[in-house]
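>>> How does the following fold in three dimensions:
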Amino acid sequence: MVTRAKTAVQGGAWRILVVAIDACGDSMNTVPYVARVAALAGIDLRIVLPTAGRAVQDSHRSLDGRIATPTFVLLDEAGNERGCIVEQPRPLREWAAPERSKVSLDSVHAGIRAFYARDKGESIALETVEMLEAAKAGKTHCDRGTAR
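Predicted structure coming up:
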């Protein structure tokens, strides 16, 4: 995956802006993996608190309309947005969105914790690389999930 990330960033000066807070479970379980991919690929990554990143969160809401942390935004060398990841890795977003209306919030959170324990950062790292590859191909990858 590191080779894919390095190949995707060749010829560009990419940056990742992350709006996160250390008290957020999703932030704790994703930001370190995205930061590791960024570091290995030579991408500048900056983390800001929601107070400074509110405009980014407002324009990148979750599938169900919530302001969420973490919010990752990929920027090109001119500062143009080229991708985003909102709150959780794709498989977790796809599972959690419909579950929120079916079961208790405690059950949803238990499922989220179980996902992160099994996944060990694989899904968010892969989605980060896919976002970089899409940007290199001239596409903007900003997936918030799919309504069901």
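
>>> Spatially, what comes nearest to L132 if we skip its sequence neighbours?
Counting by Cβ to Cβ, 6 or more residues apart in numbering, A8 is the residue found nearest to L132 once chain neighbours are left out, at 3.7 Å. For every residue, glycine as well, the C-beta is placed using N, CA and C.

>>> For the helix or strand harbouring the one you found, list every residue counted as buried.
Mapping A8 onto the secondary structure by DSSP states H and E places it in helix 2-9. For helix 2-9, the neighbour count (16 or more other Cβ atoms under 10 Å) marks 5-6, 8-9 as buried.

>>> how about the strands in the protein?
If DSSP state E is used as the criterion, the strands of the chain fall at 15-19, 44-48, 71-75, 81-86, 141-143.

>>> So which residues make contact with the helix holding A8?
Identification of contacts with helix 2-9 by Cβ atoms under 8 Å, 6 or more residues apart in numbering yields 37, 40-43, 128-129, 132-133, 135-136.

>>> do stretch 119-131 as well
Contacts to stretch 119-131, defined as Cβ under 8 Å, 6+ apart, come from residues 1, 4-5, 8, 16, 29-30, 32-34, 36-38, 72, 74, 82-85, 88-92, 141, 143.

>>> ok, now which ones touch the spatially most central residue of the chain?
The centroid of the chain falls nearest to I85 when counting by Cα atoms, centre = their mean (3.2 Å). When contacts are counted by Cβ under 8 Å, 6+ apart, I85 touches 34, 70-72, 124, 127-128, 131, 142-143.

>>> ok, 6 Å please
The neighbours of I85, taking Cβ atoms under 6 Å, 6 or more residues apart in numbering as the test, are 72, 127.

>>> For it, name its beta-bridge partners.
Note on I85: beta-bridge partners by DSSP bridges are F72, D143.

>>> confidence score at it?
Confidence at I85, expressed as pLDDT, is 95.

>>> Distance check, it against V103.
Using Cβ to Cβ, to the nearest Å, one obtains 24 Å as the distance from I85 to V103.

>>> now the longest helix along the chain, how far from the chain's geometric center?
In the chain, ranked by residue count with DSSP state H as the criterion, the top helix is helix 25-41. Mean-position distance between helix 25-41 and its chain equals 9 Å (Cα atoms, centre = their mean, to the nearest Å).
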